[in-house]
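Q: I'd like to go over a predicted model; first the sequence, then the structure.
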Amino acid sequence: MRFQTELIPARLIRRYNRFLTDAELMETGEVVRAHCPNPGSMMGLKEPGLRIWLEPNDDPKKKLKYGWRLVELEDGHWSGIDTSVPNRVVGEALRAGTVAEVAEYSKIRAEVKYGTNSRVDFLCSAEGLPDAYVEVKNVHLRREDDWAEFPDSITKRGAKHLAELSKMVNAGHRAIMLYLVQRTDCARLKMAADLDPDYAAAFDAARASGVEMLCYGTKIDTRGVEIGSALPIDAALQSTID
């Protein structure tokens, strides 16, 4: 997934609600307001003074002329903050056959109705194979070592998705939860049981029911975001971690 226009560096002043950010352009010193495409807590990625990257636009239909896309981390690492990016990245990877676990599926459909008032991110199908229901989650929380963690705040919707996937397994289909780590300084994933114990318990239940848990890293720079290598997921029971 490539950004539509060249990104420009800025210094974060504040993220003062879920969708608005003030930043100072590095090249001119101008203070601008940018769209923040992330309604989550953004723990560790919203501190004033961070070097961030904005995508300018000249779309007359958009009120804000900048969109926040990346945070520049230490030691040459990056984090993407746009929560719409993982579905685009995974969609491209699924259609290109680069997600090994479902590479044999030839038909990929997005946003297909299933379960109870839900839409699965991707439904993969092929002749002679059980349908594969794939949900995608954005991950960009890191608090210790090289662990990525999910979620960064309470997500009842996320727990519902796990329950819906379990029902698909019971119906004879494949069901996959794919966590995309949208930062480059993590090498493994675990659930943040202290932030949302209910989600951690739902994760354990879904994994026990046969839902396949996958995690992939990303390759990120100012040109775009691409899927990276598969990353391991902690095998411990997430809901029992203190």
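A: Perfect, thanks for sending it.
Q: Can you give me the separation between the residue nearest the centre of the chain and Met42?
A: By C-alpha atoms, centre = their mean, the mean C-alpha position of the chain lies nearest to Asn138, the distance being 1.4 Å. As judged by C-beta to C-beta, to the nearest Å, Asn138 and Met42 stand 11 Å apart. The way it works is simple: take the backbone N, C-alpha and C, and place the C-beta from them, glycine included.
Q: Kindly report the same for Glu104.
A: 37 Å.
Q: again with Asp152
A: For Asp152, the distance to Met42 - C-beta to C-beta - is 7 Å.
Q: and the longest helix for this protein?
A: In the chain, with assignment by DSSP state H, the single longest helix is helix 156-170.
Q: That helix packs against which elements?
A: Helix 156-170 sits against strand 118-125, strand 132-139, strand 174-181, helix 197-209, with contacts defined as 3 or more C-beta pairs under 8 Å, 6 or more residues apart in numbering; DSSP states H and E.
Q: how about 6 Å then?
A: When contacts are defined as 3 or more C-beta pairs under 6 Å, 6 or more residues apart in numbering; DSSP states H and E, helix 156-170 packs onto strand 174-181, helix 197-209.
Q: Show me the domain layout of this structure.
A: 8-72, 85-240 (automatic domain parsing).
Q: Could you say which of those domains is packed most deeply?
A: domain 85-240 (a mean of 18; mean count of other C-beta atoms under 10 Å).
Q: average pLDDT across it?
A: The average pLDDT within domain 85-240 is 96.
Q: got a list of what Pro9 touches?
A: Pro9 makes contact with 26, 53, according to C-beta atoms under 6 Å, 6 or more residues apart in numbering.
Q: From Ala148, how far out is the closest residue to Lys107 other than its chain neighbours?
A: Among residues not flanking Lys107 along the chain, Ser125 sits closest, at 4.7 Å (C-beta to C-beta, 6 or more residues apart in numbering). According to C-beta to C-beta, Ser125 and Ala148 sit 30 Å apart.
Q: hmm, back to that, mind giving me TSV with the helices and strands packed on helix 156-170 and columns for distance to Pro86?
A: What follows is these, written out as TSV (distance: least, C-beta to C-beta, whole Å):
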stretch	distance to Pro86
strand 174-181	4
helix 197-209	17
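Q: Out of these, the one nearest Tyr133 is which?
A: The closest of the helices and strands packed on helix 156-170 to Tyr133 is strand 174-181. By C-beta to C-beta, the value is 4.8 Å.
Q: For the helix or strand just after that closest one, which outside residues touch it?
A: Next along the chain after strand 174-181, taking DSSP states H and E as the criterion, comes strand 188-191. With contacts defined as C-beta under 6 Å, 6+ apart, strand 188-191 is touched by 147-149, 179, 200, 203, 215, 231-234, 238.
Q: Recalculate using a threshold of 8 Å.
A: 139, 146-150, 179, 181, 199-200, 203, 215, 231-234, 236, 238-239, 241 (C-beta atoms under 8 Å, 6 or more residues apart in numbering).
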